[in-house]
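> Have a look at this fold, sequence not included:
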């Protein structure tokens, strides 16, 4: 994972408060101090889930504390695993889809075509349509939205 940086409006104290508030909303572990803190963030990357730990560093953009703050995310260790129930549902749908491809060679399989279609649509609704990404970049974007700021 790469180091991420954003710039937000306001003093570092306001950025710390926004980081703590977003961490609570995300269900993250946050240990803050004057210049940043340690963040234990739950993440979603499609079919992968887990937690990423890293350091948050705050730095004022200039001598004026109201000029804005730069927030930097320095990743540490990550525990990410595949969401097995979702993969099992997709494999079941793939097996049913294989049956729909083979019915011209094995005409008796045409009786299973409605069930295969139902399994494929169910897999779509249960898994694929609900895939999301929520990681450090999205967390920092939420902090930026809370405080206002520009891309960094």
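Received, thanks. Worth saying up front: this structure is predicted, and the values here are computed from it rather than measured. Residues are numbered from 1 along each chain as shown.

> In the protein, what helix or strand scores lowest on average pLDDT?
Lowest on mean pLDDT, DSSP states H and E among the helices and strands of the chain sits strand 149-150, with a mean of 55.

> Can you mark which positions in the longest helix along the chain are buried?
Longest helix in the chain, counting residues (DSSP state H): helix 84-102. For helix 84-102, the buried set under the neighbour-count rule, 16 or more other C-beta atoms under 10 Å, comprises 86, 89, 90, 93, 96, 99, 100. Any C-beta I mention is one placed from the backbone N, CA and C, and that applies to glycine too.

> which ones are touching residue 112?
96, 99, 103 (C-beta atoms under 8 Å, 6 or more residues apart in numbering).

> Quick check: phi and psi at the last one.
With angles defined as degrees, to the nearest 10, residue 103 shows backbone torsions of phi -60, psi -30.

> Please apply the same query to residue 9.
Backbone torsions of residue 9, given as degrees, to the nearest 10, read phi -80, psi 150.

> That one contacts residue 68, doesn't it?
Yes - here residue 9 lies in contact with residue 68, judged by C-beta atoms under 8 Å, at a distance of 5.4 Å.

> For the two, indicate the residue with more neighbours.
residue 68 (22 against 16; other C-beta atoms under 10 Å).

> Isn't that one up against residue 8?
Yes - with contacts counted by C-beta under 8 Å, residue 68 reaches residue 8, the gap being 6.2 Å.

> Would you mind measuring from residue 124 to residue 48?
Using C-beta to C-beta, to the nearest Å, we find residue 124 at a distance of 19 Å from residue 48.

> In space, what's closest to the residue nearest the centre of the chain - neighbours in sequence excluded?
In the chain, the centroid-proximal residue (C-alpha atoms, centre = their mean) is residue 134; its distance is 1.6 Å. Of all residues not flanking residue 134 in the chain, residue 44 sits nearest, at 4.6 Å (C-beta to C-beta, 6 or more residues apart in numbering).

> And the contacts of the helix or strand containing that neighbour?
Counting by DSSP states H and E, the element that carries residue 44 is strand 36-45. Strand 36-45 has contacts (C-beta under 8 Å, 6+ apart) with 16, 19, 23, 26-31, 49-58, 72-73, 78, 80, 132-136, 139.

> Strands of this protein, start to end?
Under the criterion DSSP state E, strands of the chain are mapped to 4-8, 29-33, 36-45, 48-60, 69-82, 133-134, 149-150.
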